[in-house]
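Enquirer: sequence? don't have it. structure:
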């Protein structure tokens, strides 16, 4: 079943251009040209992704994005011609997942959308893998390792020594710990790092892995337990 893209853009030529390119890539599209009917349409039709122009008649894209986030986690890509608003969009104060600046190449927009859907698919497959790991299996893991995690308090320890981890480092360790020996790609790890869905580079993961290794060494872990798999990602082995 094709993914449904909602395009909210008041410039008719740009709107139709995006429609043409998305339909050529086998997406289903629907167009709106102002901000007044957006919330009702999204609630009734549940699109898979929204392309949302920042400046719209009736209600602007920032207010619309904030309202949508009150009831939906649908991916939102903001379209803007005002570069002074990019900092706010990048900071994700409004809950957007990405942004595109005008003028843009419509092929790039389609590519950005495909990347978001690919990451969502990775998250879903990873969630299924985690669900298949039974509680008894997790208990066995805890018996075999000196690593202990308290998921509610975001606390981690090694050999009863507390690891002073940031929330991002804890989520990274939590992901690796969930399936010991499994190689997680950088994309899979990135999807779990930030709860606000910000867009980051894959080298961000490398930096956090480096810090995580240092903190294990600081509490007396002399053996390497987080392994790099060249060209793929990282795994945790006890």
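Expert: Perfect, thanks for sending it. It should be emphasised that the depicted structure is a prediction, and the values quoted were computed from it without experimental measurement.
Enquirer: Span of stretch 25-33 from start to end?
Expert: One end of stretch 25-33 sits 22 Å from the other (C-alpha to C-alpha, to the nearest Å).
Enquirer: now it: how far from the chain's centre is it?
Expert: In this view, stretch 25-33 has its centroid 23 Å away from the chain centroid, taken as C-alpha atoms, centre = their mean, to the nearest Å.
Enquirer: Check stretch 19-29 too.
Expert: Centroid separation for stretch 19-29 versus its chain: 23 Å, with C-alpha atoms, centre = their mean.
Enquirer: List the buried residues for it?
Expert: 19, 21-22, 27, 29 (16 or more other C-beta atoms under 10 Å). No exception for glycine: its C-beta is placed from N, CA and C like everyone else's.
Enquirer: Near residue 110, how many other residues are there?
Expert: Summarising burial for residue 110: neighbours were counted as other C-beta atoms under 10 Å, giving 17.
Enquirer: How about the one 10 residues further on?
Expert: When neighbours are counted by other C-beta under 10 Å, residue 120 registers 16.
Enquirer: Now do the contacts for it.
Expert: For residue 120, the contacting residues are residue 75, by C-beta atoms under 8 Å, 6 or more residues apart in numbering.
Enquirer: hey, where'd the strands end up in the protein?
Expert: In the chain, strands defined by DSSP state E lie at 4-8, 28-32, 49-53, 76-80, 98-101, 147-150, 155-158, 161-163, 184-185, 226-229, 233-236, listed in chain order.
Enquirer: sorry, back to before: mind checking which of the buried residues of stretch 19-29 are in helices?
Expert: Applying DSSP state H to those, the entries found in helices are 19, 21-22.
Enquirer: Out of these, flag the one nearest to residue 108.
Expert: Proximity of those to residue 108 was ranked by C-beta to C-beta; the top entry is residue 21 with 9.9 Å.
Enquirer: Report the contact partners of the closest residue to that closest one other than its chain neighbours.
Expert: The shortest distance from residue 21 to any residue that is not its chain neighbour, by C-beta to C-beta, 6 or more residues apart in numbering, is 4.2 Å, and that residue is residue 106. The contact partners of residue 106, taken as C-beta under 8 Å, 6+ apart, are 17-18, 20-21.
Enquirer: can you rerun that using 10 Å?
Expert: For residue 106, the residues meeting the contact criterion (C-beta atoms under 10 Å, 6 or more residues apart in numbering) are 14, 17-22, 24, 100.
Enquirer: same check, this time on residue 5
Expert: Applying C-beta under 10 Å, 6+ apart, one finds that residue 5 lies in contact with 18-19, 22-23, 25, 27-31, 47-51, 75, 77, 109-110, 113.
Enquirer: excluding its backbone neighbours, what's nearest residue 224?
Expert: The spatially closest residue to residue 224, leaving aside those adjacent along the chain, is residue 213, at 7.6 Å (C-beta to C-beta, 6+ apart).
Enquirer: shouldn't that neighbour be in contact with residue 226?
Expert: Yes. Using C-beta atoms under 10 Å, residue 213 is in contact with residue 226, at 5.8 Å.
Enquirer: neighbour count winner among the two?
Expert: Remark: of residue 213 and residue 226, residue 226 carries more neighbours, 17 against 14, as counted by other C-beta under 10 Å.
Enquirer: my read: that one touches residue 173, true?
Expert: Yes. In this structure, residue 226 is within contact of residue 173 by C-beta under 10 Å, at 8.4 Å.
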